[in-house]
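In: Here is my input; please provide its structure:
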Amino acid sequence: MAQVAAIVGGGVIGGGWAARFLLNGWDVRVFDPDPEAERKIGEVLANARRSLPGLSDVPLPSEGRLSLHSDLSEAVRGASWIQESVPERLDIKHKVFASIQAACDAGAVIGSSTSGFKPSELQEGAADPGQIMVAHPFNPVYLLPLIELVTTPANEAARIAQAKAVIQGVGMYPLHIRKEIDAHVADRFLEAVWREALWLVKDGIATTEEIDNAIRYGFGIRWAQMGLFETYRVAGGEAGMKHFMAQFGPALKWPWTRLMDVPDFTDELVDLIAGQSDEQSGARSIRELERIRDNNLVSMMRALKAQDWGAGALLNAHDSGLRQEAGLSGTVDTIGDLSQPLLTLDRAVPLDWSDYNGHMTESRYLDAFAQSTDRFMEIIGCDADYIASGGSYFTAETHIRHLDEALAGDRIAVRTQLILGQGKKLHLFHRMYRGDTLIATGEHFLLHVDLKTRRPTPPSDKIEAAMARIAKAQSALGYPEGAGAAIRAPQ
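Out: Next up is the predicted model:
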């Protein structure tokens, strides 16, 4: 049975939390008195469905059930995770926590999305202070993995471990902050940059667009994959962090910044910044900007996945657990029924697989079929260890037929039939489906090679035996329609 999360407050952050849980298989109940809540959450969820699944190379769990509730008690009763995302007023939060604790299960975790209040402030006057902790996300919650988990001595170790397990279970990273401080950790950095940016605009040094360019074309993308200290360690060269500190440490005494001096928020300053921002971005709607943001974030994080670095390493670890649940692991000895084409790929089409026509680009069909071939090789025993020992398969010929299209966010699956697996020859036929619709086929002829000589050679006896088992089991399937075909001139 699906786990249940209750979201109290369905704005931008609450809607993002709802999408994150929902798309990771949780049933989600949302309480929000806003009459527009259903529409707003629906729009956030539409963006999440389009982008989040593409971060994974295996399918996410089946989507949970979403329900909206006008009664807070009804929404939180039976939920194991309750996320408060109401306005940043302590009196409102205390009132909401009292109502939640009057109805929720004693074992539930109550997380607050607050960006500024300390957990001890949230816990004041609570019936069970240890149930409440800060779980501060970053927008969009359904894509960005960081959660600042801020606790006090009132939060028992078992409850903290429970919270960490839930956060990790939906593909996020709990940064446990054990000593509370106003605005936690990440927002204190953001505030420092924000203060300095306000002065740069007010003093006419740079426009809003120029400041954004300084970040996104420079240190921002660098920070995205290494953070602050590791970036500076690299900047120190071979001499390392000590050299960097010695070289740039004295600069801290120079009057470069005005971080301790905040400009007055006058109408003139607000109008100046708002006007420049409108000129910079006003031609696009918020939804357009969100989709551009999501495209960029997915592309960056998927690039980091290829390097198994930063947020990409976190995504790979999450995929590892999903892969087993999806039946995309194991060998010929463990995967069960061999008589039908074998599931070798099951995933969503990521944003960066789309072309100028809006559908999956031509090269990605080959990419998907190549991944399917790799998975089939694992099934028969040609895995990483075998390849490291000096044997592998090289593709000699490929033929792809495009029968229908797939769009970003569509879930595709590939099932693979063994046409021939004997001696050095391996002949595979892949069928790609979107639901029940066949959208492409890929026929691949491979030869087993010795990686030292780079010449064809028979595989190991174990691989020969595995191919023979599959060939025998699939012998009744017959020759696939479309196999052996060539491009024909139109009649």
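In: And the helices in the stretch 151-300 of the chain?
Out: 157-169, 186-202, 208-214, 220-226, 229-235, 240-248, 267-281, 286-307 (DSSP state H, counting those that start in this stretch).
In: Let me have those helices in TSV, extended by distance to residue 443.
Out: Using the backbone N, CA and C atoms, a C-beta is placed for each residue, glycine as well. Output for the helices of the stretch 151-300 of the chain, formatted as TSV (distance: least, CB to CB, whole Å):
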stretch	distance to residue 443
helix 157-169	40
helix 186-202	50
helix 208-214	48
helix 220-226	39
helix 229-235	46
helix 240-248	53
helix 267-281	48
helix 286-307	27
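In: Can you report phi and psi for residue 28?
Out: For residue 28, the backbone dihedrals are phi -130, psi 130 (criterion: degrees, to the nearest 10).
In: Pull out the CA atoms of stretch 418-430 and give them to me as CSV.
Out: Listed next in CSV are the C-alpha coordinates belonging to stretch 418-430 (Å, rounded to 0.1, in the frame of the first residue of the first chain):
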residue,chain,number,x,y,z
LEU,A,418,17.2,-12.9,-29.6
ILE,A,419,17.2,-13.9,-33.3
LEU,A,420,20.7,-15.6,-33.2
GLY,A,421,23.1,-16.1,-30.4
GLN,A,422,25.7,-18.6,-31.5
GLY,A,423,29.5,-18.6,-31.6
LYS,A,424,30.8,-15.1,-32.2
LYS,A,425,27.5,-13.8,-33.7
LEU,A,426,24.7,-12.0,-31.8
HIS,A,427,21.6,-10.8,-33.6
LEU,A,428,19.0,-8.9,-31.7
PHE,A,429,15.7,-7.3,-32.5
HIS,A,430,14.4,-4.5,-30.2
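In: lowest confidence element among the helices and strands of the chain?
Out: Sorted by mean pLDDT, DSSP states H and E, the helices and strands of the chain end with helix 240-248, the least confident at a mean of 76.
In: Show me what counts as buried in that helix.
Out: Of the residues in helix 240-248, residue 244 count as buried by neighbour count, 16 or more other CB atoms under 10 Å.
In: got it, and stretch 206-226?
Out: Neighbour counts over stretch 206-226 (16+ other CB under 10 Å) mark 207, 208, 211, 212, 225 as buried.
In: ends of that stretch, how far apart?
Out: Start and end residues of stretch 206-226 are separated by 27 Å (CA to CA, to the nearest Å).
In: Please apply the same query to stretch 137-150.
Out: 11 Å.
In: ok so, going back, least confident of the helices of the stretch 151-300 of the chain, on average?
Out: Mean pLDDT per stretch puts helix 240-248 lowest among the helices of the stretch 151-300 of the chain, at a mean of 76.
In: which residue is nearest the centroid of this structure?
Out: Residue closest to the mean C-alpha point of the chain, counted by CA atoms, centre = their mean, is residue 55 at 4.5 Å.
In: how about it, what does it touch?
Out: Under the criterion of CB atoms under 8 Å, 6 or more residues apart in numbering, the contact list for residue 55 reads 143, 171, 298, 301, 302, 305, 315, 350.
In: same check, this time on residue 50
Out: Under the criterion of CB under 8 Å, 6+ apart, the neighbours of residue 50 are 291, 294, 351, 408, 409.
In: do you know how far the closest residue to residue 303 other than its chain neighbours is from residue 452?
Out: Nearest-residue entry for residue 303: residue 312, 7.2 Å, with adjacent residues in sequence omitted and distances by CB to CB, 6 or more residues apart in numbering. Distance from residue 312 to residue 452, counting by CB to CB, to the nearest Å: 32 Å.
In: Of the two, give the one with the bigger neighbour count.
Out: residue 312 (19 against 9; other CB atoms under 10 Å).
In: The strand or helix carrying the more buried one packs against which elements?
Out: Using DSSP states H and E, residue 312 sits in helix 311-325. Applying 3 or more CB pairs under 8 Å, 6 or more residues apart in numbering; DSSP states H and E, we find helix 311-325 packed against helix 286-307.
In: in the helix it packs on, what's buried?
Out: 290, 291, 294, 295, 297, 298, 300, 301, 302, 304, 305.
In: of these, closest to residue 91?
Out: residue 290 (31.4 Å; CB to CB).
In: The residue nearest to that closest one when sequence neighbours are not counted: what's it in contact with?
Out: In this structure, residue 290 finds its nearest non-sequential neighbour in residue 47, 5.9 Å apart by CB to CB, 6+ apart. Contacts here follow CB under 8 Å, 6+ apart; on that basis residue 47 touches 19, 140, 142, 287, 290, 291, 294.
In: ok, now how distant is the nearest residue to residue 103 once chain neighbours are set aside from residue 104?
Out: Distances taken as CB to CB, 6+ apart place residue 73 nearest to residue 103, at 3.7 Å, with adjacent residues excluded. Residue 73 sits 8 Å away from residue 104 when distances are taken as CB to CB.
In: Those two: who's more crowded?
Out: Neighbours of residue 73 and residue 104, each counted by other CB under 10 Å, are more numerous for residue 104; the result is 24 against 13.
In: what pLDDT does residue 490 get?
Out: Confidence per residue is given as pLDDT, and for residue 490 that number is 68.
In: Likewise for residue 459?
Out: In this prediction, residue 459 carries a pLDDT score of 97.
In: which SSE is the closest residue to it other than its chain neighbours in?
Out: With CB to CB, 6+ apart as the measure, residue 448 is the residue that lies nearest to residue 459, at 4.5 Å, once sequence neighbours are left out. With elements delineated by DSSP H and E, residue 448 resides in strand 437-450, which encompasses its position.
In: May I have that strand exported as PDB, CA atoms only?
Out: Once non-C-alpha atoms are left out, strand 437-450 reads as follows in PDB (Å, rounded to 0.1, in the frame of the first residue of the first chain):
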ATOM      1  CA  THR A 437       1.900   1.400 -29.200                       C
ATOM      2  CA  LEU A 438       4.900   0.200 -31.100                       C
ATOM      3  CA  ILE A 439       6.900   3.300 -32.000                       C
ATOM      4  CA  ALA A 440      10.200   1.900 -33.300                       C
ATOM      5  CA  THR A 441      12.200  -1.200 -33.900                       C
ATOM      6  CA  GLY A 442      16.000  -1.700 -33.900                       C
ATOM      7  CA  GLU A 443      17.800  -4.600 -35.500                       C
ATOM      8  CA  HIS A 444      21.400  -5.100 -34.400                       C
ATOM      9  CA  PHE A 445      24.100  -7.500 -35.500                       C
ATOM     10  CA  LEU A 446      27.100  -7.800 -33.200                       C
ATOM     11  CA  LEU A 447      30.300  -9.800 -33.100                       C
ATOM     12  CA  HIS A 448      32.100 -11.000 -30.000                       C
ATOM     13  CA  VAL A 449      35.700  -9.700 -29.900                       C
ATOM     14  CA  ASP A 450      38.900 -10.100 -28.000                       C
END
